[in-house]
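[1] Structure here, sequence nowhere to be found:
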(Lines give C-alpha, C1' and ligand atoms only; values in the text may rest on other atoms or scores of the structure.)
Protein backbone atom coordinates (compact mmCIF):
# COMPACT_ATOMS: atom_id res chain seq x y z
CA UNK A 1 0.00 0.00 0.00
CA UNK A 2 1.08 3.55 -0.73
CA UNK A 3 0.83 6.13 2.04
CA UNK A 4 -1.09 9.24 0.96
CA UNK A 5 -2.94 12.23 2.30
CA UNK A 6 -6.55 12.97 1.37
CA UNK A 7 -9.48 15.23 2.19
CA UNK A 8 -12.06 12.84 3.67
CA UNK A 9 -15.74 13.40 4.46
CA UNK A 10 -16.36 11.47 7.67
CA UNK A 11 -19.86 12.57 8.66
CA UNK A 12 -23.03 13.35 6.72
CA UNK A 13 -23.16 17.04 5.81
CA UNK A 14 -19.64 17.68 7.13
CA UNK A 15 -16.81 19.37 5.26
CA UNK A 16 -13.83 17.23 4.20
CA UNK A 17 -10.89 16.86 6.61
CA UNK A 18 -7.28 16.09 5.73
CA UNK A 19 -6.25 12.62 6.90
CA UNK A 20 -3.61 9.96 6.29
CA UNK A 21 -4.86 7.22 3.94
CA UNK A 22 -3.50 4.29 1.96
CA UNK A 23 -3.79 3.59 -1.77
CA UNK A 24 -3.23 0.12 -3.22
CA UNK A 25 -0.85 -0.32 -6.18
CA UNK A 26 -2.32 -0.10 -9.71
CA UNK A 27 -3.68 -3.26 -11.32
CA UNK A 28 -4.84 -4.28 -14.82
CA UNK A 29 -4.96 -1.04 -16.87
CA UNK A 30 -4.68 1.43 -13.98
CA UNK A 31 -2.10 4.10 -13.29
CA UNK A 32 -1.04 5.59 -9.99
CA UNK A 33 -0.92 9.38 -10.28
CA UNK A 34 0.89 11.74 -7.94
CA UNK A 35 -1.47 14.70 -7.91
CA UNK A 36 0.12 18.10 -8.57
CA UNK A 37 -3.06 20.19 -8.58
CA UNK A 38 -6.78 19.60 -8.28
CA UNK A 39 -9.72 21.94 -8.75
CA UNK A 40 -12.69 22.26 -6.44
CA UNK A 41 -15.88 22.12 -8.50
CA UNK A 42 -19.42 23.08 -7.49
CA UNK A 43 -20.30 19.41 -8.04
CA UNK A 44 -17.87 18.37 -5.29
CA UNK A 45 -19.48 20.83 -2.89
CA UNK A 46 -23.10 20.05 -3.73
CA UNK A 47 -22.79 16.25 -3.93
CA UNK A 48 -20.69 15.88 -0.79
CA UNK A 49 -23.22 17.97 1.17
CA UNK A 50 -25.95 15.40 0.57
CA UNK A 51 -23.83 12.23 0.50
CA UNK A 52 -25.56 9.61 2.69
CA UNK A 53 -23.99 8.45 5.94
CA UNK A 54 -24.13 4.80 4.84
CA UNK A 55 -21.60 5.62 2.07
CA UNK A 56 -19.07 7.33 4.31
CA UNK A 57 -16.19 7.94 4.76
CA UNK A 58 -15.61 9.20 1.22
CA UNK A 59 -13.03 11.12 -0.80
CA UNK A 60 -14.29 13.53 -3.49
CA UNK A 61 -12.48 15.60 -6.12
CA UNK A 62 -12.64 15.23 -9.90
CA UNK A 63 -10.37 17.81 -11.52
CA UNK A 64 -6.99 16.21 -10.83
CA UNK A 65 -3.73 16.75 -12.70
CA UNK A 66 -0.52 14.92 -11.95
CA UNK A 67 2.37 12.71 -12.92
CA UNK A 68 2.06 8.97 -13.50
CA UNK A 69 4.41 7.33 -11.00
CA UNK A 70 3.40 3.70 -11.53
CA UNK A 71 1.59 1.94 -14.38
CA UNK A 72 0.04 -1.53 -14.51
CA UNK A 73 0.77 -3.71 -17.57
CA UNK A 74 -2.44 -2.73 -19.40
CA UNK A 75 -2.12 1.01 -18.84
CA UNK A 76 -1.94 3.40 -21.79
CA UNK A 77 -0.20 6.27 -20.01
CA UNK A 78 3.45 5.80 -19.11
CA UNK A 79 5.44 6.59 -16.00
CA UNK A 80 6.47 10.24 -16.17
CA UNK A 81 3.48 11.41 -18.22
CA UNK A 82 1.57 14.45 -17.01
CA UNK A 83 -2.13 13.63 -17.13
CA UNK A 84 -5.43 15.43 -16.72
CA UNK A 85 -8.02 13.28 -14.94
CA UNK A 86 -11.61 13.61 -16.12
CA UNK A 87 -14.92 11.74 -15.96
CA UNK A 88 -15.04 7.94 -16.20
CA UNK A 89 -16.74 5.91 -18.93
CA UNK A 90 -17.00 2.22 -19.75
CA UNK A 91 -15.59 2.36 -23.28
CA UNK A 92 -17.85 -0.40 -24.55
CA UNK A 93 -21.44 0.86 -24.68
CA UNK A 94 -23.03 2.31 -27.82
CA UNK A 95 -22.38 5.94 -26.88
CA UNK A 96 -18.77 5.31 -25.89
CA UNK A 97 -18.16 3.52 -29.18
CA UNK A 98 -19.70 6.47 -31.04
CA UNK A 99 -17.31 8.92 -29.38
CA UNK A 100 -19.90 10.20 -26.89
CA UNK A 101 -18.48 8.94 -23.56
CA UNK A 102 -20.18 11.70 -21.55
CA UNK A 103 -23.43 9.81 -22.16
CA UNK A 104 -21.98 6.40 -21.24
CA UNK A 105 -24.60 3.85 -20.21
CA UNK A 106 -22.62 3.26 -17.00
CA UNK A 107 -21.97 6.93 -16.26
CA UNK A 108 -23.88 7.17 -12.98
CA UNK A 109 -22.29 4.02 -11.59
CA UNK A 110 -18.78 4.96 -12.66
CA UNK A 111 -18.87 8.61 -11.62
CA UNK A 112 -21.44 9.31 -8.92
CA UNK A 113 -21.82 6.30 -6.64
CA UNK A 114 -18.37 5.91 -5.15
CA UNK A 115 -16.24 2.78 -5.18
CA UNK A 116 -15.51 0.38 -2.34
CA UNK A 117 -13.28 -1.88 -4.42
CA UNK A 118 -10.35 -1.66 -2.04
CA UNK A 119 -8.46 1.13 -3.82
CA UNK A 120 -8.45 3.25 -0.65
CA UNK A 121 -8.28 2.50 3.03
CA UNK A 122 -7.90 4.46 6.25
CA UNK A 123 -6.48 3.03 9.45
CA UNK A 124 -6.98 -0.44 8.00
CA UNK A 125 -10.65 0.15 7.16
CA UNK A 126 -12.26 0.56 3.72
CA UNK A 127 -12.50 4.11 2.39
CA UNK A 128 -14.88 4.91 -0.45
CA UNK A 129 -13.42 6.71 -3.47
CA UNK A 130 -13.67 6.52 -7.25
CA UNK A 131 -15.59 9.81 -7.55
CA UNK A 132 -15.56 10.47 -11.31
CA UNK A 133 -13.16 7.54 -11.46
CA UNK A 134 -10.49 9.41 -9.49
CA UNK A 135 -11.32 11.07 -6.10
CA UNK A 136 -8.51 13.55 -6.64
CA UNK A 137 -8.65 15.36 -3.29
CA UNK A 138 -5.59 13.30 -2.46
CA UNK A 139 -1.86 13.24 -2.97
CA UNK A 140 -2.05 9.94 -4.90
CA UNK A 141 -4.95 8.43 -6.88
CA UNK A 142 -5.70 5.52 -9.18
CA UNK A 143 -7.22 6.12 -12.61
CA UNK A 144 -7.96 4.15 -15.77
CA UNK A 145 -7.43 4.85 -19.50
CA UNK A 146 -10.91 6.28 -20.13
CA UNK A 147 -10.44 9.15 -17.67
CA UNK A 148 -6.67 9.69 -18.00
CA UNK A 149 -5.64 12.19 -20.70
CA UNK A 150 -1.96 12.83 -21.39
CA UNK A 151 -1.04 16.51 -21.82
CA UNK A 152 2.29 18.21 -22.46
CA UNK A 153 4.77 18.85 -19.67
CA UNK A 154 4.62 22.57 -20.53
CA UNK A 155 1.06 22.93 -19.22
CA UNK A 156 0.82 24.51 -15.77
CA UNK A 157 -0.92 21.87 -13.58
CA UNK A 158 -2.98 24.53 -11.76
CA UNK A 159 -4.37 25.77 -15.08
CA UNK A 160 -4.85 22.29 -16.51
CA UNK A 161 -6.93 21.09 -13.53
CA UNK A 162 -10.25 22.70 -14.57
CA UNK A 163 -9.89 21.26 -18.07
CA UNK A 164 -11.08 17.97 -16.59
CA UNK A 165 -14.59 19.27 -15.88
CA UNK A 166 -15.63 22.92 -15.64
CA UNK A 167 -13.69 24.37 -18.58
CA UNK A 168 -14.37 21.30 -20.68
CA UNK A 169 -18.08 21.70 -19.90
CA UNK A 170 -18.34 25.43 -20.60
CA UNK A 171 -16.19 25.66 -23.71
CA UNK A 172 -17.45 22.34 -25.04
CA UNK A 173 -21.09 23.34 -24.71
CA UNK A 174 -20.40 26.24 -27.06
CA UNK A 175 -18.02 24.60 -29.52
CA UNK A 176 -19.34 21.02 -29.54
CA UNK A 177 -22.99 21.06 -28.57
CA UNK A 178 -24.25 24.38 -29.96
CA UNK A 179 -22.01 25.08 -32.97
CA UNK A 180 -22.59 28.83 -32.78
CA UNK A 181 -20.74 31.35 -34.92
CA UNK A 182 -20.51 34.94 -36.12
CA UNK A 183 -24.24 35.26 -36.77
CA UNK A 184 -25.20 34.27 -33.24
CA UNK A 185 -26.03 36.12 -30.04
CA UNK A 186 -25.33 33.94 -26.99
CA UNK A 187 -26.46 34.60 -23.43
CA UNK A 188 -24.91 32.75 -20.49
CA UNK A 189 -26.84 32.59 -17.22
CA UNK A 190 -24.41 32.25 -14.31
CA UNK A 191 -20.81 33.46 -14.49
CA UNK A 192 -19.09 30.80 -12.43
CA UNK A 193 -16.28 28.63 -13.79
CA UNK A 194 -18.55 26.88 -16.30
CA UNK A 195 -20.34 30.05 -17.40
CA UNK A 196 -17.12 32.04 -17.81
CA UNK A 197 -15.65 29.13 -19.75
CA UNK A 198 -18.69 29.36 -22.02
CA UNK A 199 -17.94 33.07 -22.52
CA UNK A 200 -14.39 32.16 -23.57
CA UNK A 201 -15.80 29.50 -25.88
CA UNK A 202 -18.13 32.05 -27.46
CA UNK A 203 -15.19 34.37 -28.12
CA UNK A 204 -13.31 31.49 -29.77
CA UNK A 205 -16.42 30.71 -31.85
CA UNK A 206 -16.60 34.34 -32.96
CA UNK A 207 -20.10 35.09 -31.66
CA UNK A 208 -21.15 38.64 -32.52
CA UNK A 209 -22.91 39.21 -29.19
CA UNK A 210 -22.01 37.54 -25.89
CA UNK A 211 -24.08 38.39 -22.81
CA UNK A 212 -23.31 37.21 -19.27
CA UNK A 213 -25.95 37.32 -16.52
CA UNK A 214 -24.82 37.17 -12.90
CA UNK A 215 -25.64 39.03 -9.66
CA UNK A 216 -21.98 39.26 -8.54
CA UNK A 217 -20.25 42.42 -9.78
CA UNK A 218 -16.76 40.88 -9.80
CA UNK A 219 -17.92 38.03 -12.00
CA UNK A 220 -19.65 40.40 -14.41
CA UNK A 221 -16.42 42.38 -14.62
CA UNK A 222 -14.45 39.21 -15.30
CA UNK A 223 -16.94 38.19 -18.00
CA UNK A 224 -16.33 41.54 -19.70
CA UNK A 225 -12.57 41.06 -19.41
CA UNK A 226 -12.92 37.63 -21.02
CA UNK A 227 -14.88 39.00 -23.99
CA UNK A 228 -18.55 39.42 -23.06
CA UNK A 229 -20.02 42.29 -25.07
CA UNK A 230 -22.66 42.99 -22.41
CA UNK A 231 -23.40 41.96 -18.83
CA UNK A 232 -26.63 41.95 -16.85
CA UNK A 233 -27.19 42.19 -13.10
CA UNK A 234 -30.47 40.25 -12.67
CA UNK A 235 -31.06 41.91 -9.30
CA UNK A 236 -31.09 45.40 -10.84
CA UNK A 237 -31.42 45.26 -14.62
CA UNK A 238 -34.46 44.32 -16.67
CA UNK A 239 -32.84 41.26 -18.22
CA UNK A 240 -35.75 40.57 -20.55
CA UNK A 241 -35.60 44.12 -21.96
CA UNK A 242 -31.82 44.05 -22.41
CA UNK A 243 -31.97 40.71 -24.23
CA UNK A 244 -34.92 41.79 -26.37
CA UNK A 245 -32.80 44.71 -27.60
CA UNK A 246 -30.30 42.36 -29.21
CA UNK A 247 -30.38 42.21 -33.02
CA UNK A 248 -33.24 39.99 -34.15
CA UNK A 249 -35.13 40.57 -30.92
CA UNK A 250 -33.19 38.29 -28.58
CA UNK A 251 -30.42 35.72 -28.31
CA UNK A 252 -30.20 32.85 -30.77
CA UNK A 253 -28.63 30.63 -28.10
CA UNK A 254 -28.62 30.44 -24.32
CA UNK A 255 -26.73 28.42 -21.74
CA UNK A 256 -28.05 27.92 -18.22
CA UNK A 257 -25.50 26.99 -15.55
CA UNK A 258 -27.73 27.82 -12.58
CA UNK A 259 -30.30 25.01 -12.66
CA UNK A 260 -32.82 27.47 -11.20
CA UNK A 261 -36.32 27.00 -12.58
CA UNK A 262 -37.14 30.74 -12.90
CA UNK A 263 -33.87 31.37 -14.73
CA UNK A 264 -34.56 28.53 -17.14
CA UNK A 265 -38.03 29.93 -17.83
CA UNK A 266 -36.57 33.39 -18.47
CA UNK A 267 -33.96 31.95 -20.82
CA UNK A 268 -36.62 30.22 -22.91
CA UNK A 269 -38.76 33.36 -23.05
CA UNK A 270 -35.80 35.45 -24.22
CA UNK A 271 -34.79 33.23 -27.15
CA UNK A 272 -35.46 34.16 -30.74
CA UNK A 273 -37.53 31.76 -32.84
CA UNK A 274 -35.65 28.51 -33.50
CA UNK A 275 -33.21 29.32 -30.70
CA UNK A 276 -31.48 26.72 -28.51
CA UNK A 277 -31.19 26.48 -24.75
CA UNK A 278 -28.46 24.25 -23.32
CA UNK A 279 -28.87 23.05 -19.72
CA UNK A 280 -25.59 22.31 -17.96
CA UNK A 281 -26.28 23.17 -14.30
CA UNK A 282 -26.81 20.68 -11.49
CA UNK A 283 -29.59 21.71 -9.13
CA UNK A 284 -33.33 21.63 -9.70
CA UNK A 285 -34.30 18.19 -10.96
CA UNK A 286 -37.53 19.47 -12.48
CA UNK A 287 -38.77 22.71 -13.98
CA UNK A 288 -41.94 23.69 -15.81
CA UNK A 289 -41.66 23.57 -19.59
CA UNK A 290 -43.74 26.18 -21.46
CA UNK A 291 -44.76 23.75 -24.18
CA UNK A 292 -46.82 26.31 -26.10
CA UNK A 293 -43.90 28.73 -26.29
CA UNK A 294 -41.43 26.01 -27.26
CA UNK A 295 -43.68 24.82 -30.06
CA UNK A 296 -44.75 28.25 -31.30
CA UNK A 297 -41.17 29.52 -31.53
CA UNK A 298 -39.60 26.23 -32.63
CA UNK A 299 -37.23 26.25 -29.66
CA UNK A 300 -34.79 23.50 -28.84
CA UNK A 301 -33.92 22.49 -25.28
CA UNK A 302 -31.08 20.07 -24.68
CA UNK A 303 -28.95 18.85 -21.84
CA UNK A 304 -25.18 18.86 -22.15
CA UNK A 305 -22.83 16.72 -20.07
CA UNK A 306 -19.10 17.50 -19.85
CA UNK A 307 -19.14 19.63 -22.99
CA UNK A 308 -20.54 16.94 -25.26
CA UNK A 309 -17.10 15.76 -26.37
CA UNK A 310 -14.51 13.02 -26.11
CA UNK A 311 -12.00 14.21 -23.47
CA UNK A 312 -9.13 12.42 -25.23
CA UNK A 313 -9.76 14.67 -28.21
CA UNK A 314 -11.13 17.81 -26.58
CA UNK A 315 -8.80 18.27 -23.57
CA UNK A 316 -5.67 18.35 -25.80
CA UNK A 317 -7.51 20.86 -27.99
CA UNK A 318 -8.21 23.02 -24.93
CA UNK A 319 -4.54 22.81 -23.92
CA UNK A 320 -3.56 24.00 -27.38
CA UNK A 321 -6.02 26.90 -27.18
CA UNK A 322 -4.34 27.87 -23.90
CA UNK A 323 -0.90 27.73 -25.52
CA UNK A 324 -2.12 30.06 -28.26
CA UNK A 325 -3.44 32.55 -25.72
CA UNK A 326 -7.08 31.98 -26.67
CA UNK A 327 -8.05 30.39 -23.35
CA UNK A 328 -6.79 32.61 -20.49
CA UNK A 329 -7.34 30.06 -17.74
CA UNK A 330 -5.22 32.05 -15.30
CA UNK A 331 -8.06 34.58 -15.00
CA UNK A 332 -10.33 31.91 -13.49
CA UNK A 333 -7.95 30.19 -11.09
CA UNK A 334 -7.20 31.04 -7.45
CA UNK A 335 -4.42 28.86 -6.00
CA UNK A 336 -4.44 27.36 -2.52
CA UNK A 337 -1.94 25.06 -0.85
CA UNK A 338 -3.34 21.59 -0.17
CA UNK A 339 -2.55 22.09 3.51
CA UNK A 340 -4.92 25.07 3.38
CA UNK A 341 -7.81 22.88 2.21
CA UNK A 342 -10.32 24.36 4.67
CA UNK A 343 -9.87 27.88 3.30
CA UNK A 344 -10.11 26.70 -0.30
CA UNK A 345 -13.29 24.73 0.46
CA UNK A 346 -14.81 27.73 2.21
CA UNK A 347 -14.00 29.93 -0.82
CA UNK A 348 -15.70 27.40 -3.09
CA UNK A 349 -18.80 27.13 -0.90
CA UNK A 350 -19.08 30.89 -0.49
CA UNK A 351 -18.45 31.72 -4.14
CA UNK A 352 -15.44 33.87 -3.23
CA UNK A 353 -13.25 32.17 -5.83
CA UNK A 354 -14.37 31.29 -9.35
CA UNK A 355 -12.14 28.23 -9.55
CA UNK A 356 -10.18 27.31 -6.40
CA UNK A 357 -7.30 25.02 -7.29
CA UNK A 358 -5.33 23.10 -4.66
CA UNK A 359 -1.56 22.88 -5.17
CA UNK A 360 -0.11 19.69 -3.74
CA UNK A 361 3.41 19.19 -2.37
CA UNK A 362 5.98 17.60 -4.64
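    Now that the structure is in, tell me what you want to look at. Not measured: the values here are computed from a predicted model.

[2] before we move on, which element is residue 196 in?
    helix 193-205 (DSSP states H and E).

[3] Please list the residues outside that helix that contact it.
    Helix 193-205 is contacted from outside by 39, 41-42, 162, 166-167, 169-175, 180-181, 184, 186, 188-189, 191, 210, 212, 214, 219, 222-223, 226-228, 255, 257, 280-281, 321, 326-328, 332, 354-355, using Cβ atoms under 8 Å, 6 or more residues apart in numbering. Heads up, the C-betas are built off the backbone N, CA and C, glycines and all.

[4] Phi first, then psi, for residue 109.
    phi -60, psi -40 (degrees, to the nearest 10).

[5] Strands of the stretch 201-350 of the chain, residue ranges please.
    Using DSSP state E, counting those that start in this stretch, the strands of the stretch 201-350 of the chain run over residues 209-213, 230-232, 253-256, 276-279, 300-303, 333-337.

[6] again with the stretch 51-200 of the chain
    Under DSSP E, counting those that start in this stretch, the stretch 51-200 of the chain gives strands at 58-59, 64-71, 82-85, 115-122, 125-129, 140-143, 148-151, 185-189.

[7] circling back: among the strands of the stretch 201-350 of the chain, which is the most enclosed?
    Among those, strand 253-256 has the highest mean neighbour count (mean count of other Cβ atoms under 10 Å), at a mean of 28.

[8] elements contacting that strand?
    Judged by 3 or more Cβ pairs under 8 Å, 6 or more residues apart in numbering; DSSP states H and E, the packing partners of strand 253-256 are strand 185-189, helix 261-270, strand 276-279.

[9] Pairing partners for the shortest one, with directions?
    Pairing partners of strand 276-279, with direction, according to DSSP bridges: strand 253-256 (parallel), strand 300-303 (parallel).

[10] Out of those strands, the one nearest residue 110 is which?
    strand 300-303 (18.2 Å; Cβ to Cβ).

[11] and the closest one, how far out from the chain's middle?
    Relative to the centre of its chain, strand 300-303 is centred 19 Å away, using Cα atoms, centre = their mean, to the nearest Å.

[12] Repeat that for stretch 104-121.
    With Cα atoms, centre = their mean as the basis, stretch 104-121 stands 18 Å off its chain's centre.

[13] Report the buried residues of stretch 268-276.
    The neighbour-count check on stretch 268-276 (16 or more other Cβ atoms under 10 Å) flags 268, 270, 271, 272, 275, 276 as buried.

[14] which one of those residues is nearest residue 134?
    Using Cβ to Cβ, residue 276 is the member of the buried residues of stretch 268-276 that lies nearest residue 134, at 31.7 Å.

[15] hmm, back to that, PyMOL command for the buried members of the contacts of helix 193-205?
    Here is the PyMOL command that selects the buried residues among these (16+ other Cβ under 10 Å):
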select buried, resi 39+41+42+162+166+167+169+170+171+172+173+174+175+180+184+186+188+189+191+210+212+214+219+222+223+226+227+228+255+257+280+281+321+327+332+354+355
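
[16] partner strands of the worst-scoring helix or strand of the chain on mean pLDDT, parallel or antiparallel?
    Lowest on mean pLDDT, DSSP states H and E among the helices and strands of the chain sits strand 115-122, with a mean of 86. Next to strand 115-122 in the sheet, as set by DSSP bridges, lie strand 17-23 (antiparallel), strand 125-129 (antiparallel).

[17] rewinding a little: of all the strands of the stretch 201-350 of the chain, which one comes closest to residue 55?
    Closest to residue 55 of these, according to Cβ to Cβ: strand 300-303, at 25.5 Å.

[18] The residue nearest to residue 29 when sequence neighbours are not counted: how many residues sit nearby?
    Once flanking residues are discounted, residue 29 sits nearest to residue 74: 3.6 Å by Cβ to Cβ, 6 or more residues apart in numbering. Residues lying near residue 74 (other Cβ atoms under 10 Å) number 13.

[19] Show the pLDDT at the residue lying closest to residue 330 once chain neighbours are set aside.
    Sequence neighbours aside, residue 159 is the residue nearest to residue 330 in space, at 6.1 Å (criterion: Cβ to Cβ, 6+ apart). Looking at residue 159, its pLDDT is 98.
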